[in-house]
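> Predicted model follows, preceded by the sequence.
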Amino acid sequence: MIEQIKLILEEVRGVPGLSTQLSDTANIIEDVGLDSLEMLTFMLTLEQRLGVRIDFERMAFSHLQSIRSLSEFLSAADPLKADA
Amino acid sequence: MLLHHVLEASAERHPEKIALVFGEERLSYAELDARADDAAQQLRDFGVRAGDRVATWLENSVEAVVAIFAALKAGAAFVPLNPQTRPPKVAFILRDCGARVLVAPHANVTPEIQCAVLDLAPRHPEPRRRRRISEGEILRFAQDDGGAAPEMLDLAPRHPEPRRRRRISEGDGGNHLAAIIYTSGSTGVPRGVMLTHGNMLAASSSIIEYLENTEDDVVLDFLPLSFDYGLYNVLMPIRFGGTVVLERTFIAPHQIVSLMRRERISGLPLVPTVAAGLARLRSMEGYEFPHLRYITSTGQALPPAHIERLLAIFPDARLFSMYGLTECKRVSYLPPEELARRPGSVGKAMPRTEAWIVDEHGARVERAGVVGELVVRGPHVMQGYWNRPEETASALRNGLLHTGDLFRADEDGFLYFVARRDDLIKTAGQRVSPREIENVACTLDGVLEAVAFGIPDELLGQKIALVVRAAEGALTERDVIAHCEAHLEKYMVPRLVEIRRELPRTATGKVARREIAIGG
């Protein structure tokens, strides 16, 4: 999942080759530098590609402090219900 | 009554009530007022006098709120600068408005910024005072480094004892300047919108009236205080005696979900991009927000599909779609009960103000569907642009604010935004001058010409595109974007860049902007 997250970050940020430069410990806010709109697009893409429901009630800033911690958080997520 | 009297009045009314929450900090009205009093005294000690300008260049924080009220209490107008604004532009604005003092984090005060403030000294008419404060003209406070430079403004709490009771002078006229807020001008040079205490009090009381705010409201504000929408969502709760939960910035939806519950948020101001982003996230479904009373959105009308989704996520909230510009703060709002019937509308003029459409001769357009320029009249309209008599004369004619925005109205007089009259780009609720982006692009080696324009975008309203003329192989798109990121606020950075060896031209050899913008 870590590699998938990196590829999505590259796509959202619009910087070709970014995924290969990001380490697993890269901070999603500070190192990747997502702004609010990019963050929302990132969340939307995570939802769609990984098919998970992001539990915003459990989520915290610590989960954005590295790609690995986000990946661990999302691994435990419920699948997104089929479109109502 | 003056703008800072609203804080003093609320502090008299309920000193112990929480006025401001920022992270782990919770300030009562009495504490916030005392800190602002203390900082105001420091500003006076630094030589700030009535009529001066005090610029703030701060991330959203308790200090940013304290600095604004301190400037007002010292009789100065505050000039809130976006923390993302780059030093050259900050230096320009400081010179332009003749800021007496800049309040900024220690680390951000570059030599360029120091020069911008210190250069002002010779202009001051009181040489003795000038010499006395020459070291104090840059005020800094340390956010992280804890440094104690002699010129540091200490915005930390110092007066634990309750503040003295004080009578508020109701007789004070609100005619002097409370704020100068810089916006992107059509020439690409930022210009300062001059707002008096009376302007800002009038705008806030009209908005409070239609939002039906009460002391029980708790407003979540993560919009920058340099943006009038973020600023008023601090000023208004302080006025009606509610609570502001201020966040540094909007980072991710979990902030909203967790704070809504924890702080019992009842008012949620959103920009259309964030509203649209939240609306599309399926993970936002299924939470309960029992305290949320209303959501506001301003900048552009939300697409109907997003309105529907937003109301599904926040079923108990009333959604206010609004329109405004810094020059008068807010023009109109759509009553939530009209939303289903007129989803694309931004409503009608807010209480005690007027807004109507005029044709090219300035005559009022009465017929539904006819497009013309929107004009605004009321006590909220700015005094003009600081030191820009020509631009002021063009915006303020016959006592009317000419918005430069083209609108049409339906049979019942509800307003619909159509387009800009000039080529200003409206992106993420902000007006951006293509010239400002082009000027920056042209400072990059290898760029021969640049043309910026807006292209329609579901989330942003318009997104910024930039076409650059450069020799083959001289540059890459990434070079241009990196350069723009280094010199422009993030919302001004082009989302699309294209490099060409030639640009289409008009018969007279000028760059054919229109042709480029429509894909020529």
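Ah, there it is. Numbering: from 1, shown residues only, chains lettered A, B, ... in the order given.
> Can you point out the helix or strand that includes the residue of chain B found nearest chain A?
Of all residues in chain B, B:Gly277 sits closest to chain A, at 3.0 Å by CB to the nearest CB. No exception for glycine: its C-beta is placed from N, CA and C like everyone else's. Secondary structure assignment for B:Gly277, by DSSP states H and E: helix B:272-280.
> C-alpha coordinates for that helix, PDB please?
Provided in PDB are the C-alpha atoms of helix B:272-280 (Å, rounded to 0.1, in the frame of the first residue of the first chain):
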ATOM      1  CA  PRO B 272     -16.300  26.600  -2.200                       C
ATOM      2  CA  THR B 273     -13.200  24.400  -2.900                       C
ATOM      3  CA  VAL B 274     -13.200  22.800   0.600                       C
ATOM      4  CA  ALA B 275     -17.000  22.500   0.500                       C
ATOM      5  CA  ALA B 276     -16.900  20.800  -2.800                       C
ATOM      6  CA  GLY B 277     -14.100  18.500  -1.700                       C
ATOM      7  CA  LEU B 278     -15.900  17.500   1.500                       C
ATOM      8  CA  ALA B 279     -19.100  16.900  -0.500                       C
ATOM      9  CA  ARG B 280     -17.400  14.400  -2.800                       C
END
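> shaky segments in chain A?
The model of chain A has pLDDT under 70 over residues A:82-84.
> Kindly apply the preceding question to the stretch 401-520 of chain B instead.
B:519-520.
> rewinding a little: any idea which helix or strand comes after the helix holding B:Gly277?
Next helix or strand after helix B:272-280 toward the C-terminus (DSSP H and E): strand B:294-298.
> Could you look up the SS state of residue 9?
Assuming you mean chain A. helix (DSSP: H, G, I helix; E, B strand; the rest coil).
> Near it, how many other residues are there?
The local packing of A:Leu9 (other CB atoms under 10 Å in any protein chain shown) involves 24 other residues.
> cool, the one 3 residues further on as well?
For A:Val12, the number of neighbouring residues by other CB under 10 Å comes to 21.
> Name the residues that touch the host helix or strand of it?
If you go by DSSP H and E, A:Val12 is part of helix A:2-13. If you take CB atoms under 8 Å, 6 or more residues apart in numbering or on different chains as the criterion, helix A:2-13 is touched by A:16-19, A:22, A:24, A:28, A:32-34, A:38, A:41-42, A:45-46, A:49-50, A:67-68, A:70-71, A:74.
> My understanding was that B:Val451 contacts B:Cys442; is that so?
No - B:Val451 is beyond contact range of B:Cys442, at 10.6 Å (criterion: CB atoms under 8 Å).
> between these two, which one's more packed in?
With neighbours defined as other CB under 10 Å, B:Val451 and B:Cys442 compare such that B:Val451 has more, 23 against 12.
> from the middle of its chain, how far away would the helix or strand containing the more buried one be?
In this assignment (DSSP H and E), B:Val451 forms part of strand B:449-457. A distance of 23 Å separates the centroid of the chain from that of strand B:449-457, by CA atoms, centre = their mean, to the nearest Å.
> cool, stretch B:198-212 as well?
16 Å.
> avg pLDDT for that stretch?
The average pLDDT for stretch B:198-212 rounds to 98.
> How about residues contacting that stretch?
B:1-3, B:6, B:173-175, B:178-179, B:232, B:235-236, B:239-240, B:267, B:294, B:296, B:320, B:328-330, B:333, B:335, B:350-353, B:378-383.
> now those: which count as buried?
Among these, the ones that count as buried by 16 or more other CB atoms under 10 Å in any protein chain shown are B:1-3, B:6, B:174, B:178-179, B:232, B:235-236, B:239-240, B:267, B:294, B:296, B:320, B:328-330, B:333, B:350, B:353, B:378-383.
> Any part of the strand holding B:Val451 near chain A?
No - against chain A, strand B:449-457 shows no contacts by CB under 8 Å from any CB of the partner chain, the least distance being 10.2 Å.
> And the contacts of that strand?
Contact with strand B:449-457 is made by B:423, B:425-427, B:434-435, B:437-438, B:441-442, B:461-469, B:494-496, B:503, B:511, B:513, B:516-517, as judged by CB under 8 Å, 6+ apart.
> What parts of chain A come near chain B?
A:14-16, A:29, A:35-37, A:39-41, A:43-44, A:47, A:53-57, A:59-61, A:64, A:80.
> Which of the contacts of stretch B:198-212 fall within strands?
When DSSP state E defines the strands, the subset of those inside them is B:Ala178, B:Ala179, B:Gly267, B:Tyr294, B:Thr296, B:Phe320, B:Tyr333.
> What is the most widely separated pair among those residues?
Greatest spacing in the ones in strands among the contacts of stretch B:198-212, by CB to CB: B:Ala178 and B:Tyr294 (26.0 Å).
> Give me the buried positions along the longest helix along chain A.
Identified as the longest helix of chain A according to DSSP state H is helix A:36-50. Using 16+ other CB under 10 Å as the test for burial, helix A:36-50 gives A:36-47, A:50.
> Specify the angle between it and helix B:272-280 in degrees.
Here helix A:36-50 points in a direction 20 degrees away from that of helix B:272-280 (axes from the mean of the first three to the mean of the last three CA atoms, to 10 degrees).
> follow-up on the earlier one: among the buried ones among the contacts of stretch B:198-212, which ones are in helices?
Short answer: the buried ones among the contacts of stretch B:198-212 in helices (DSSP H) are B:Val6, B:Tyr232, B:Leu235, B:Met236, B:Arg239, B:Phe240.
> Now do the contacts for the residue nearest to B:Gly230 when sequence neighbours are not counted.
Closest residue to B:Gly230 apart from its sequence neighbours, by CB to CB, 6 or more residues apart in numbering or on different chains: B:Leu223 at 3.1 Å. Residues in contact with B:Leu223, defined by CB under 8 Å, 6+ apart, are B:Tyr229, B:Gly230, B:Asn233, B:Phe250, B:Pro269, B:Val271.
> rewinding a little: just checking, next helix/strand downstream of the strand holding B:Val451?
As assigned by DSSP H and E, the chain's next helix or strand after strand B:449-457 is strand B:461-469.
> how about the residue nearest to B:Trp386 when sequence neighbours are not counted, secondary structure?
Of all residues not flanking B:Trp386 in the chain, B:Gly192 sits nearest, at 3.6 Å (CB to CB, 6+ apart). On the three-state scheme (three-state DSSP), B:Gly192 is labelled strand.
> I'm done for today, thanks for sticking with me.
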